[in-house]
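Asker: Fold the following.
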Amino acid sequence: MKGMFRAALLASASLMSVQAYAGGFINSSQSTVGNGMAYAGAAAPGSSSAATLFMNPATMTSFRGFTIDSNYTFGLPSSKATGSFSAAGAGINALLPGQGSYGMNYFVPATYLVYQINDRLWAGLSINSTYGNSTKAENLWRGSLLAATTKLRAITATPSLAYKLNDMWSFGIGLQIQYISARQTTAFPAGLGLPSPGAGIISSDGWGIGATAGVTFTPRKGTQIGLGWRSLIEQNVEGETRFGPAVSTNSKGTLNLPNRVNLSIRQTVTERLDILGSIEWQNWGRIGNARLNNPANAALSSLPFGYSDGWFFSLGAEYRATQALTLRAGIGYEISPVKDSVRRMSLPDSDRLWLSTGFTYDVNERFSLNASYSYLHFQKAPITQVLVPGITFTGESKQNAHLLSIGLTSRWGAAPKKEDPLVRKF
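Answerer: Coordinates of the predicted model:
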């Protein structure tokens, strides 16, 4: 029973057991304008939205005066899975249905402030939920024995500075200050021979520090290139865990969050049309195996992930239909770091296609209203996971998601001249 008990914990009590809509458990919902182009050009200068600060602090030099950018994204996922246990788990198959739903609707805000100190120096602040999402089994089924309720949030404040060297080059740096909280529990119904009342992380949290940096380059009029980096963060998390009837208030875990590098370009084709593109690398390969020290059973348990690095490619366009209205569209493809060999029911991530559209309406010189929509289509995700020695779950997850986002950009300070654009592009 003790070995079965430990295996049940390893199968279900992962700190990173969350459902997110970017590779791994990165939260991609950081910008209303970006969501309208599948995040094409996310690190390039020239946007009307200060959300480019998230991937590249050097883009702040595109803004005048004081800019406030607020973004609110609503995620509407559809997440279903089917599967069954091997012959040794025939009793579980007979007792529980073979299909379940586990997605949860969510709301994510993101806020950006940019202040122009002088003609060379800018200061900024971004506040984001950078990682995490939640899953909860909507019904008791076979797969819910592997992961029932999960929640992870990483809230990151990033104060930043940018320096404009000349009309071609700008540089930026920032400090990531991150708070993380996690919860994941699995309850086992009676009659299955599994420990009661269950196992998992009741509550946990921790703090971490990282960096961000970027550069923008304008080699000629109409071409703007940005390179942005968000550093890895070493998270040390402490909290309360359950291991059957035993509860520990002194459990500790480690969480290695990845580096991210984004290369973006904005190319003006005509006076009205810009084409944008991005390539992003996510260093998930460093995650390795997390460790959970649970004094409740005096064991140091290794939680295997074995993720590969993730990649994201996107292409988008902005079209200034009128002086007040800008239209957007984009397409993206994301290569998930979660491969078939390491996929778990708690995070059934897979490669996905992004289809996006959106608009900005300039109410006046001070205020712009942003809105966007993205549809995410995931590849089918096979899952093979051991519940306890001798009992293996084999199944498949199917997902899609709708991301709806609204935002407001406001500009303060000296009013821009009538003949100048609100954001300098060249």
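
Asker: Every contact and neighbour count from this point should use C-alpha atoms.
Answerer: Will do.

Asker: Using the three-state scheme, assign the closest residue in space to residue 42 that isn't next to it in sequence.
Answerer: In space, and not counting its chain neighbours, residue 42 is closest to residue 52: 5.6 Å by CA to CA, 6 or more residues apart in numbering. Applying DSSP: H, G, I helix; E, B strand; the rest coil to residue 52 yields a three-state assignment of helix.

Asker: Can you give me the neighbour number for residue 52?
Answerer: 27 (other CA atoms under 10 Å).

Asker: Please apply the same query to residue 185.
Answerer: Around residue 185 there are 25 other residues, counting by other CA under 10 Å.

Asker: Retrieve the pLDDT associated with it.
Answerer: pLDDT for residue 185: 71.

Asker: surely it meets residue 145?
Answerer: No. Residue 185 is beyond contact range of residue 145, at 9.9 Å (criterion: CA atoms under 8 Å).

Asker: how many neighbours does residue 211 have?
Answerer: Using other CA under 10 Å, residue 211 has 18 other residues around it.

Asker: Show me where this protein has its helices.
Answerer: 2-12, 32-35, 90-95 (DSSP state H).

Asker: Those: lowest mean pLDDT?
Answerer: Mean pLDDT values for the helices of the chain show the minimum at helix 2-12, a mean of 32.

Asker: Please tell me how far residue 156 sits from residue 44.
Answerer: Taking CA to CA, to the nearest Å as the measure, residue 156 falls 21 Å from residue 44.

Asker: More neighbours: which of these two?
Answerer: Counted by other CA under 10 Å, residue 156 and residue 44 do not tie: residue 44 has more neighbours, with 33 against 22.

Asker: dump the residue contacts of that one.
Answerer: Contacts for residue 44 (CA atoms under 8 Å, 6 or more residues apart in numbering) come out as 52, 56, 59, 216, 224, 225, 226, 227, 263, 264, 265, 266.

Asker: Could you rerun that using 10 Å?
Answerer: Contact partners of residue 44, counting by CA atoms under 10 Å, 6 or more residues apart in numbering, are 52-53, 55-56, 58-59, 214-218, 223-228, 262-267, 276-278.

Asker: What about these, which are in strands?
Answerer: 214-218, 223-228, 262-267, 276-278 (DSSP state E).

Asker: Any of these buried? List them.
Answerer: 214-218, 223-228, 262-267, 276-278 (16 or more other CA atoms under 10 Å).

Asker: mind listing what residue 318 touches?
Answerer: 33, 36-37, 47, 266, 268, 272-276, 326-330, 357-360.

Asker: Excluding chain neighbours, what is closest to it?
Answerer: residue 328 (4.6 Å).

Asker: I figured that neighbour was touching residue 319, is that so?
Answerer: Yes. Counting by CA atoms under 10 Å, residue 328 does reach residue 319; the two are 6.4 Å apart.

Asker: which one of those two has more residues nearby?
Answerer: residue 328 (25 against 17).

Asker: Now for residue 123: which residues touch it?
Answerer: Taking CA under 10 Å, 6+ apart, one finds 57, 60-61, 66, 113-117, 159-163, 172-174 in contact with residue 123.

Asker: Sort out for me which of the residues you listed are in strands.
Answerer: 66, 113-116, 159-163, 172-174.

Asker: Which residue, neighbours along the chain excluded, lies closest to residue 125?
Answerer: Counting by CA to CA, 6+ apart, the residue nearest residue 125 is residue 159, at 4.4 Å.

Asker: Correct me if wrong: that neighbour contacts residue 175.
Answerer: Yes. Counting by CA under 10 Å, residue 159 touches residue 175, with 5.8 Å between them.

Asker: Identify the contacts common to the two.
Answerer: What both residue 159 and residue 175 touch, as defined by CA under 10 Å, 6+ apart, is the set 125, 211, 212.

Asker: any idea how far the closest residue to the second one other than its chain neighbours lies from residue 160?
Answerer: Right, the one you point to is residue 211. Leaving aside its sequence neighbours, residue 211 sits nearest to residue 175 (CA to CA, 6+ apart; 4.5 Å). From residue 175 over to residue 160 the distance is 7 Å, taken as CA to CA.

Asker: Overlap in contacts, those two.
Answerer: Common contact partners of residue 175 and residue 160 (CA under 10 Å, 6+ apart): 125, 211, 212, 213.

Asker: beta partners of the last one?
Answerer: As for beta bridges, residue 213 partners with residue 173, residue 229 under DSSP bridges.

Asker: Do a quick rundown of the strands in the stretch 1-150 of the chain.
Answerer: 66-85, 99-101, 106-116, 121-131, 134-136, 149-164 (DSSP state E, counting those that start in this stretch).

Asker: neighbouring strands for the last one, and are they parallel or not?
Answerer: In this case it means strand 149-164. strand 121-131 (antiparallel), strand 134-136 (antiparallel), strand 169-187 (antiparallel).

Asker: can you put those in CSV and add distance to residue 334?
Answerer: Shown next, in CSV, are the strands paired with strand 149-164 (distance: least, CA to CA, whole Å):
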stretch, distance to residue 334
strand 121-131, 16
strand 134-136, 20
strand 169-187, 25
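
Asker: comparing those, which gets the lowest mean pLDDT score?
Answerer: Among the strands paired with strand 149-164, strand 134-136 carries the lowest mean pLDDT (a mean of 70).

Asker: what residue ranges in the chain score low on pLDDT?
Answerer: 1-24, 133, 135, 137, 148, 187-198, 288-305, 414-426 (pLDDT under 70).

Asker: For residue 214, see how far away the residue nearest to residue 125 is.
Answerer: 14 Å.

Asker: Just give the closest residue to residue 152, not the sequence neighbours.
Answerer: Nearest to residue 152 is residue 182, by CA to CA, 6+ apart, at 4.3 Å.

Asker: tell me which residues form a beta bridge with the one you found?
Answerer: Residue 182 has these beta-bridge partners by DSSP bridges: residue 152, residue 204.

Asker: from what I can see it touches residue 150, true?
Answerer: Yes. Taking CA under 10 Å as the definition, residue 182 is a contact partner of residue 150 at 7.7 Å.

Asker: Name the residue in these two with the higher neighbour count.
Answerer: Neighbour count, other CA under 10 Å: between residue 182 and residue 150, residue 150 has more, with 30 against 25.

Asker: pretty sure the more buried one is touching residue 185, no?
Answerer: Yes. If you go by CA under 10 Å, residue 150 and residue 185 touch, sitting 6.7 Å apart.

Asker: That concludes my questions; thank you for your assistance.
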